[in-house]
Structures are given as structure tokens and as C-alpha cells.
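Colleague: the sequence and its predicted three-dimensional model are supplied below.
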Amino acid sequence: MSGNELQGFSMLKGLAISPGYAIGKAFCIRHFQLDTVPSVSVAPQAIDHEIARFQNALQLSRAEILNLLELPHIKSSLEIANIFQAHLTLLDDPDLKKEVEKRIRDRRLNAEAVLSSVIKDYSEFFRKLPDPQFQGKAIDILDVGQRILRNCEGEAGLQPLADLQEGVIIIAESLTPSEIADFDPRHVRGIAIEEGTPTSHASILARSLSIPALIQVKHLVRSVNRGDLLLIDGINGTLEVNPAPSRVEEFKSHLQRYEASLQSMQADLTQPSVTRDGTPVILQANIGKLQDVDAVLANHADGIGLYRTEFAYLTRRRFPTEDELVETYAAVVKRMSPREVTFRTIDLGGEKLPHLGGEILEKNPELGWRAIRMALDRPDILRTQFRAMLRACPPNLPPPIKILLPMVSTLQEFRRSRDLLTETLAEIRAKGLGPSAPPPLGIMVEIPSTALMARAFAQEVDFFSIGSNDLVQYTLAVDRTNSRVAHLYQPTHPAVLRLLHEVAQAGREAGKPVTICGELAGDPRYTGMLLGLGLRQFSMTPSSLTRVKQAVRQWSCQAAERLAEQLLVCRTAEEVEDLLRQATPACEHA
């Protein structure tokens, strides 16, 4: 069915991954194929000129990415910033550079044609590997390759999203990180793509920018033409194409009511986060950079429940020094005072840290040498982080920070980390620095076995933080970035709910705080469910705080606990979702 056959009204269905409503004209992205790049023979005396053009394009591409990393909407997302750090690594790959230059000399072809062939070969190699981690690298290679090509072509290069002048809804089969970063968020009202997963690059950035977005919209590209009038519903997951004028007016009224509700929520930001029956609920923020503190304060978070420390390691070709870390950590603590800051120790592995002595190729890095496993094998790295965190505290005063250990799977890992922290504090205190007492030391609950052993851990840890994204992934054995199995990534699967309940109960019995992080914490549709399961501390992206606070204030703990009793006997995620839709209509459409 061609676009010309769909000039009339049609309704498309997708998966809503960023809430909201929008009206706009379609702006369709059609990706060019590497096979279509023209091949031109080059005279022997012009070969050096072609190589110089390629090298210049590399430098221009590097400068562009460094500029992208300074954009506010890139800075606000550690996940997206990490993607562009990986792009810089690809640009600096000596093998890629040598291969392009060799083919230019051997084949005597223009730089664009040779680069296209190299990029195609590299991306196909990674695409055919069985591990989704490396399949994802194929997308990065194509993205970087297209950027270099644009810079080789100069003004002929296409940058379709950079020049948007009006509010549009982006339509594409897929979006690369570079394409997403190119557009001005002020000019994009919505995004709909045919592929993608809830944790894809497009999804992450759309949520961080509060742009209504749909993914997995079947037949999207062939059903929509540039300039078509579209209505996007980021709550119910629908896209209406060329609706009747009466429907447009009806939708505009709905949009106005939604925007009014957002303004009302914004006005409620300063209100206390308490349930209808008076139970206080702590709402904190997840961030990864000092600059993110502005958004935390603007959204009146109760503190930072998760400060990801990885960014300092990904933005340098070396490890950061202790003093560099102290400068950043101390600035965060000072700006957040008197609110609490929870620093998570490094959650990376050898595949992301070539400083460890070369890239370490692992068949399954998500289950491999990373996070606390890597840090305990390299105690110099963990000790440096501990020293920096302790030095960031005002001396001789109670600690304003907590320290969180990622991917802990055994009590031995926690005990070794605790012993190292104790030793480090003694060293710092001997110099008259550091807090008067050890900061609370807790663990991320991301592994099902850790959740099942929560009562044993609760006898020793100071607090828990549930990483819901990884807990779902590991519990259901599903790669959340793989679109082929994305339908199996079910945050409301009964097994997940029972693990959440187990950890919450263990924490309550031992008097140890339990925080939930991840997508579940920031989605107001699940606030009542989480309250009912026994959770009273949530940490999320700053932009989610408004809607979650409103949901908290609409619930009573008594009602939430009655709901949880029903949810815990469900047999499928579909049964859970059906009950949630019936129980929380106000929260769902807030």
C-alpha cells in the first residue's frame, strides 16, 4: 500500500514511550544507501588529495561530536552522551583510518566511494555477530560513517533535521543518535518510528526532552507522506494521519486540557510528596554530571538518589585523577546541600575502558567483567573513587553522601568493598579530612539472586537501591535493546513484582531504606503499584518528578496495598496491566 493510496484518514498503532499529545505536519526521514554513493576514478597524482580530504572529514566529524557533547539536551542524558563518546572512539580507530587510506591508494577511487565500502564492510561484520551488543555497534559505525561522508561532500552533504523551521512530527524507519542530536527540540512536536525499543537511543532522548513519541509503528514509512497532518497520542500509542477537521478540533481541545494539567502539576512541585493518607514518599533524581544539578533543583527533588560516576571516565583518554574527581563530587555535594547525594561507584567494564590495557572482547559483557567485579579486581580504581567521595564531604561533620555499589551478587563483594572503604576513611581521617563517620554503604539490586537473598544482605548493608531496568532484563533473560525480543521485556511481569516485594519486605524488616530507580520509578502509571509493594523512596530522571509527585498525592497507601495484593497473584504481565488500567485511570491520563 503506497502513501498515495492513503490520502484519506488512517489510524496507526505503536508503542508509546514518551507521554504527551501533539499536532503537526509530517517530516519524513529517508536514509540514503551506502551503495548509491558515486564511484569516481582518481588520477595517481590526486590520490594524496583524496586522502587529505578524508583526513579533513575525520577532523571535522570529531569537532562536530565534541560540539554535540556541549548541547544541553545531550548533556542532560548520560546514555546519549556515552553513545557519542563511543563515536569519538570509532573516529580515532587507527585500523579504520589505515583501511580507508589503503583502499584509496590501491583502488584509485574517490574518498566517498572508498569510505562507503569500508563502512559497509565493518557494519556488516558486526551485524552478523550473534551478540546483540556487537549488532548495536553496527548502527554506531553506520552513523559515524554517514557523518564522515557528509563532511567529505561538504555542502552537498545532507543534514535534514538541522534546518527545521516549524513544529513537525518526525517520521522515520529508525533514527540514529546523530540525527536526533541534529534537530532543534523547539521545532519538533513529536516522533514516530517504525523500529526501536523503549531503551533505544531515540526513546531515551525523546523522554529526556519530553517529546511525545511512538516506536514500533507498523507500515509507518509507507503510510505517511511529507506534509501529512498528524495527531500523535503518546499516552495511548496512536498516530492519526490526515484526520477530519472536526477530529482536529476535538484533539486540540484534548491537547489544551493536557497542557493545563501539566501547568497544574508544575504549580504543585513545591507541595510535599505525601500520599492521601499522609505517608511521606521520598522522590529523588538520577543524574550523571554536575550540570544536571540545575534540573534536580528546578524540579524540587528531595536529593540525588543515583549519581552515575561513569561520565568522568568516558570523556577522557585516561583515568581521571583523584583531584579531578574531588572537584566534581564536592561541587555536587555543595550545590545539593542540605539534600543527600548518593554516588554510585563506576559501572563500566573492559569493553568501555581501553585504559585498562586495551579493549577486552567479551562474548557477553553484560554478564562479564564489569561494575563491582572490575572494581574489586582493580582496587586502585575503587580506592581512588572512595577517597574522592570522602574528600568531597565537609571535614569532621556527618557525611552528606551515601555510596552505592553496582551489580553486587555476593556478600563477599560487599564485605570486600566495605573493608576497603573503612581503610580509606582511616587514611583520609589521619590527614584531618573526610566526614566524622563512614557514609552509608549500599548495593544495587539488579540480579535476581541478590533480590532473593535480600534478607541476608539486609543484615549487613546500610540500604538498597533497586535497578529496575537491569533487574527486569536479568529476570526475564531478555536484551532490552534488541527489537526482536523487546516484547518480552515486561517490567510488570509477576516474577519482577514478586522480587520487588521481596526486597521491600526485607528492607522494612531490617529497618534499611529501599529506593527504586529506573523506568518503573519514573512512570506515574506504576506509582500506585510500587507504593503497594512497599516502596517509599523513588529515584528518576528530573523531568519525571512532576508527574510522579502528582501520582503519589492521588494515592493512599491503603488503596495501593489492596491493589498490590491483587497484582501479586497475577500470572501474566497482561493481567497486571489490565488491573493497573482499571485501578489508576487518573494517574494514567494525568
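Modeller: Yep, that arrived.

Colleague: rest of the way, CA atoms for contacts and neighbours
Modeller: Noted.

Colleague: for I23, see how far away the residue lying closest to A506 once chain neighbours are set aside is.
Modeller: Nearest residue to A506, sequence neighbours excluded (CA to CA, 6 or more residues apart in numbering): R455, at 5.0 Å. For R455, the distance to I23 equals 51 Å [CA to CA, to the nearest Å].

Colleague: neighbours of K252, how many?
Modeller: 16 (other CA atoms under 10 Å).

Colleague: what residues are up against the residue nearest to A506?
Modeller: Counting by CA atoms under 8 Å, 6 or more residues apart in numbering, R455 makes contact with V503, A506, G507, A510.

Colleague: where does it land on pLDDT?
Modeller: With respect to pLDDT, R455 scores 98.

Colleague: just to revisit the earlier point, in a markdown table, list the contacts of R455 along with neighbour count.
Modeller: Converted to a markdown table, these look like this (neighbours: other CA atoms under 10 Å):
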| residue | neighbour count |
| --- | --- |
| V503 | 28 |
| A506 | 23 |
| G507 | 25 |
| A510 | 17 |
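
Colleague: quick one: which of these is nearest to R387?
Modeller: Top of the list for closeness to R387, among those and by CA to CA, is G507 at 28.1 Å.

Colleague: which stretch of helix or strand covers that closest one?
Modeller: Element membership of G507 [criterion: DSSP states H and E] is helix 494-510.

Colleague: repeat for K218
Modeller: Applying DSSP H and E, one finds K218 in no helix or strand.

Colleague: the residue nearest to it when sequence neighbours are not counted and G14: what is the separation?
Modeller: Spatially, and ignoring its direct neighbours in sequence, K218 is nearest to E194 (5.8 Å; CA to CA, 6+ apart). Here E194 is placed at a distance of 8 Å from G14 (CA to CA).

Colleague: ok, then the element right after the lengthiest strand in the chain?
Modeller: The strand spanning the most residues in the chain, taking DSSP state E as the definition, is strand 21-29. Using DSSP H and E, the helix or strand that follows strand 21-29 towards the C-terminus is helix 47-68.

Colleague: quick one: list the elements packing against the helix or strand R553 falls within.
Modeller: Assigned by DSSP H and E, R553 falls within helix 545-554. Helix 545-554 sits against helix 245-267, strand 282-287, helix 527-532, helix 585-588, with contacts defined as 3 or more CA pairs under 8 Å, 6 or more residues apart in numbering; DSSP states H and E.

Colleague: so which of these is nearest R207?
Modeller: Of the helices and strands packed on helix 545-554, nearest to R207 by CA to CA is strand 282-287, at 13.8 Å.

Colleague: quick one: strands adjacent to the closest one?
Modeller: strand 303-308 (parallel), strand 537-540 (parallel) (DSSP bridges).

Colleague: now L214: how far from I169?
Modeller: 11 Å.

Colleague: go on, W555?
Modeller: On the measure of CA to CA, W555 and I169 end up 35 Å apart.

Colleague: below-threshold pLDDT in the stretch 201-350 of the chain: ranges please.
Modeller: 201-202, 204-205, 208, 314-317, 349-350 (pLDDT under 70).

Colleague: can you give me the strands in it?
Modeller: 213-215, 229-233, 238-241, 282-287, 303-308, 340-344 (DSSP state E, counting those that start in this stretch).

Colleague: columns mean neighbour count on top of these, output as JSON lines?
Modeller: Converted to JSON lines, these look like this (neighbours: other CA under 10 Å):
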{"stretch": "strand 213-215", "mean neighbour count": "31"}
{"stretch": "strand 229-233", "mean neighbour count": "24"}
{"stretch": "strand 238-241", "mean neighbour count": "22"}
{"stretch": "strand 282-287", "mean neighbour count": "26"}
{"stretch": "strand 303-308", "mean neighbour count": "24"}
{"stretch": "strand 340-344", "mean neighbour count": "23"}
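
Colleague: could you export those as a markdown table, including distance to A206?
Modeller: Shown next, in a markdown table, are these (distance: least, CA to CA, whole Å):
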| stretch | distance to A206 |
| --- | --- |
| strand 213-215 | 7 |
| strand 229-233 | 14 |
| strand 238-241 | 16 |
| strand 282-287 | 17 |
| strand 303-308 | 20 |
| strand 340-344 | 25 |
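
Colleague: tell me who's in contact with F251.
Modeller: F251 neighbours (CA under 8 Å, 6+ apart): L231.

Colleague: ok, V293 next?
Modeller: Here V293 is in contact with I287, V332, R335, M336 (criterion: CA under 8 Å, 6+ apart).
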